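Student: Quick one, structure for this:
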Amino acid sequence: LIQLFYKAFAYRFDQDPLDLFVDLCQLSNISTFILDEPYHGYYIHGRSVHPSTDVNMQKMQTNLEEESNGNLPRRGLTQKRSEDLQGQSDQVFELYITDDIKTEYGDKFTKMLPAGGVAAAKAGGQSRDAIAISRAHHAINEFLKAEVVDKVAPADVQIPNFAHKMVDAPPGTRIPPNETSILIRDSRNLWSRVLFYGIEYDLAIFDLLCFTIWDLIFQDVFISALLTYVIAHGLQEARGKWGGTNVAKKTLVDEKFLI
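Tutor: Purely as a prediction, here's the structure:
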């Protein structure tokens, strides 16, 4: 609970770590696709406006100064002015993909990998498998870029309506005949829901329920608090271990390269 109050007040005066991650993606020229459901997810537009991102600190500082002076294009998918955006994000979006894109993505993910996938390449250390995984990684990236990002016109990017803000109602518009995906501006960093960071209210309620149940069973505050602590940190350790494995599997990037 203390952590929730700290976030509510401290991040109003200091930059949110989620915003820092979005800036890091932009400086690294890395876009991020996150699917938390079969047809729903989030897209962080990390396409850099700088000529090159593989530079030293001096060149990076020069690039940032050029950007601040208005000599480079604006950051974001549509590159609109902040006055036109009216507080809406142009770098983080909710994503709704079509059935065709989901099916083709699944086919590419399974067919282009060698037998055994990432685990086989790690275990065997065979260069052919590593090359096949690298090719699959590149092909899937190009597919998502072409089918999700490049096909969505700036005018098609939607602003969340009242129902979407209140109950996360999906967009009411039909999928267009050309089968493009739907992007909705995400100014509330809803993509944090795929992290413990974004479900802290749920975790706090879970801890309270665990404490209440153990207290009803043992009638002892110390034992209840200890068991709740063990369960909470057990979930954290399990998420840290299996979460990294899942990210490595879905992104085709070896675990040793994850931060």
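Student: so where do the helices sit in this structure?
Tutor: 2-13, 17-28, 57-68, 82-85, 99-111, 117-124, 127-144, 162-167, 200-218, 221-251 (DSSP state H).
Student: Please tabulate these in a markdown table, including the columns mean pLDDT.
Tutor: Formatted as a markdown table, the helices of the chain follow (pLDDT from 0 to 100):
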| stretch | mean pLDDT |
| --- | --- |
| helix 2-13 | 74 |
| helix 17-28 | 89 |
| helix 57-68 | 88 |
| helix 82-85 | 78 |
| helix 99-111 | 84 |
| helix 117-124 | 51 |
| helix 127-144 | 78 |
| helix 162-167 | 85 |
| helix 200-218 | 93 |
| helix 221-251 | 90 |
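Student: Tabulate those (TSV), appending mean neighbour count.
Tutor: C-beta coordinates here come from the backbone N, C-alpha and C atoms, glycine included. TSV is the format used below for those (neighbours: other Cβ atoms under 10 Å):
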stretch	mean neighbour count
helix 2-13	10
helix 17-28	16
helix 57-68	12
helix 82-85	10
helix 99-111	13
helix 117-124	16
helix 127-144	15
helix 162-167	10
helix 200-218	14
helix 221-251	13
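Student: who wins for proximity to residue 49 among the ones you listed?
Tutor: helix 57-68 (6.4 Å; Cβ to Cβ).
Student: between the helices of the chain, which one is nearest to residue 34?
Tutor: Nearest to residue 34, of all the helices of the chain, is helix 221-251, at 9.5 Å by Cβ to Cβ.
Student: Look up how far residue 208 lies from the residue lying farthest from the centre of the chain.
Tutor: Ranked by distance from the centre of the chain (Cα atoms, centre = their mean), the top residue is residue 219, with 42.1 Å. Counting by Cβ to Cβ, to the nearest Å, the separation of residue 219 from residue 208 is 17 Å.
Student: again, but for residue 8
Tutor: From residue 8 over to residue 208 (counting by Cβ to Cβ), the distance is 18 Å.
Student: And for residue 189?
Tutor: Distance of residue 189 to residue 208, computed by Cβ to Cβ: 25 Å.
Student: And residue 101, by the same measure?
Tutor: Counting by Cβ to Cβ, the gap between residue 101 and residue 208 amounts to 40 Å.
Student: and if you look at residue 46?
Tutor: Computed as Cβ to Cβ, the residue 46 to residue 208 distance reads 37 Å.
Student: Then residue 14?
Tutor: From residue 14 to residue 208 the distance is 28 Å (Cβ to Cβ).
Student: Off-centre distance for stretch 157-172?
Tutor: Relative to the centre of its chain, stretch 157-172 is centred 19 Å away, using Cα atoms, centre = their mean, to the nearest Å.
Student: How about residues contacting that stretch?
Tutor: 40, 77-78, 88, 93-94, 96, 173, 182-186 (Cβ atoms under 8 Å, 6 or more residues apart in numbering).
Student: Name the nearest of the residues you listed relative to residue 237.
Tutor: Proximity of the contacts of stretch 157-172 to residue 237 (Cβ to Cβ) peaks at residue 40, which lies at 28.3 Å.
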